[in-house]
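Enquirer: Sharing a model that was predicted from the sequence below.
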2 protein chains.
Amino acid sequence: MGDWWTPLVMRESFYGVRRFEQFQASLGLGRNILTERLRRLVANGLLERRKYQDRPARYEYRLTDKGRDFYPVMATIMAWGDRHLDRGRGAPVKLRHRGHLSQPTVVCSECGEPLDVHDMSVEPGPGLPHRLLKDPIVGPRFRPRPSQPAQAVQ
Amino acid sequence: MGDWWTPLVMRESFYGVRRFEQFQASLGLGRNILTERLRRLVANGLLERRKYQDRPARYEYRLTDKGRDFYPVMATIMAWGDRHLDRGRGAPVKLRHRGHLSQPTVVCSECGEPLDVHDMSVEPGPGLPHRLLKDPIVGPRFRPRPSQPAQAVQ
């Protein structure tokens, strides 16, 4: 995602910001840096640059499906920060989902239980380069663990 | 989290790696950089440095509760990458949770529905600096939206 401005630009998009001047006013960053970060988010397909006015031509930056799908990722990162980095002050922002107070929670798509690293194991997917399977370090990760199949640490 | 080595060190921890030489062999990074990244993860409370042998003294790096709680965050980031950055090759690694194939999914803690930015609104939390509430840019985020309370973008 590049440097820290990039997620902050995304955060502004999630707050509904679309226009260059709004991004700049919220984030207080230089025009050059903002132009570059927006350009990169468009190139990576998270934002779409769309003309909203003709004379003079003016553009706004809208979330794509890929960008919108990044929201749960960012919400999860922020929830972790709220739990562990708040220095006792409490979360700066509380989330409501359809009106009720909500914590983003990462669960298993199959059984709905919260994910815990101790319950996880991995297997090679279609995108794994073949050489890695034979790698003496990476290969053994994909063998079932002797004691329990789900053990990952401790 | 610092540079890209830091999440990779955490990934190794999630795979069960504990010892300096194992981290180094998996990641192929220099000793100085690895020492520094481990030191930072210990300072930030994600890993704990624990002596496992006396003469000579040897240490290993174990996940703390805070570090373990970072697993769902990393799994969510990786799942997003698998969906959007795989260039058509498919995921490099498939996850099993207690034996069944699993996708990390971010849901609302209250109702269990997947989080969508369009359903979210925010309100000030205890950790929000007071001056921000009066800020002309930040303040309006916390006012209920006129059309529907949950609308965030589009």
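Expert: Noted; the coordinates are in hand.
Enquirer: And A:S121, how close does it get to chain B?
Expert: For A:S121, the distance to chain B equals 5 Å [Cβ to the nearest Cβ, to the nearest Å]. Glycine gets a C-beta too; all of them are placed from N, C-alpha and C.
Enquirer: With A:G88 instead?
Expert: Here A:G88 is placed at a distance of 9 Å from chain B (Cβ to the nearest Cβ).
Enquirer: Name the SS class of that residue, please.
Expert: A:G88 falls in the coil class when you classify it by DSSP: H, G, I helix; E, B strand; the rest coil.
Enquirer: quick one: the strands in chain A?
Expert: The residue ranges that make up the strands of chain A, judged by DSSP state E, are A:47-53, A:58-63, A:93-97, A:100-102, A:104-108, A:120-124.
Enquirer: For the fifth one, what does the pLDDT average out to?
Expert: Model confidence over strand A:104-108, given as mean pLDDT, is 98.
Enquirer: Check which helices and strands it sits against.
Expert: Packed against strand A:104-108 by the contact rule (3 or more Cβ pairs under 8 Å, 6 or more residues apart in numbering or on different chains; DSSP states H and E) you find helix A:71-84, helix B:71-84, strand B:104-108.
Enquirer: Output the ones you listed in TSV; the columns should cover mean neighbour count.
Expert: Written out in TSV, the entries for these read as follows (neighbours: other Cβ atoms under 10 Å in any protein chain shown):
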stretch	mean neighbour count
helix A:71-84	20
helix B:71-84	20
strand B:104-108	22
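Enquirer: out of the ones you listed, which comes closest to A:D135?
Expert: Across the helices and strands packed on strand A:104-108, A:D135 has its closest neighbour in helix B:71-84 (19.0 Å, Cβ to Cβ).
Enquirer: quick one: the closest one to strand B:104-108, angle?
Expert: Helix B:71-84 and strand B:104-108 meet at an angle of 110 degrees, taking axes from the mean of the first three to the mean of the last three Cα atoms, to 10 degrees as the criterion.
Enquirer: how far away is the residue of chain A positioned farthest from its centre from chain B?
Expert: Relative to the centre of chain A, and counting by Cα atoms, centre = their mean, the farthest-placed residue is A:R55 at 35.9 Å. Separation of A:R55 from chain B (Cβ to the nearest Cβ): 25 Å.
Enquirer: just A:G127 next, same as before
Expert: A:G127 sits 4 Å away from chain B, going by Cβ to the nearest Cβ.
Enquirer: got the phi/psi numbers for that residue?
Expert: Recorded main-chain torsions at A:G127 are phi -90, psi 0, according to degrees, to the nearest 10.
Enquirer: Tally up the residues packed near it, please.
Expert: Per other Cβ atoms under 10 Å in any protein chain shown, the neighbour tally for A:G127 reads 16.
Enquirer: again, but for A:P114
Expert: 13.
Enquirer: for it, which residues make a bridge with it?
Expert: A:P114 forms beta bridges with A:V107, as assigned by DSSP bridges.
Enquirer: if I read this right, it contacts A:P104, doesn't it?
Expert: No. Taking Cβ atoms under 8 Å as the contact criterion, A:P114 and A:P104 are not neighbours in contact, 11.3 Å apart.
Enquirer: Please identify which of the strands of chain A is closest to B:A91.
Expert: For B:A91, the closest of the strands of chain A is strand A:120-124, at 9.6 Å, according to Cβ to Cβ.
Enquirer: so how far is the first residue of stretch A:62-73 from its last?
Expert: The separation between the terminal residues of stretch A:62-73, taken as Cα to Cα, to the nearest Å, is 18 Å.
Enquirer: Would that stretch count as contacting chain B?
Expert: Yes. Among the residues of stretch A:62-73, A:62-63, A:66, A:68-73 lie within reach of chain B under Cβ under 8 Å from any Cβ of the partner chain.
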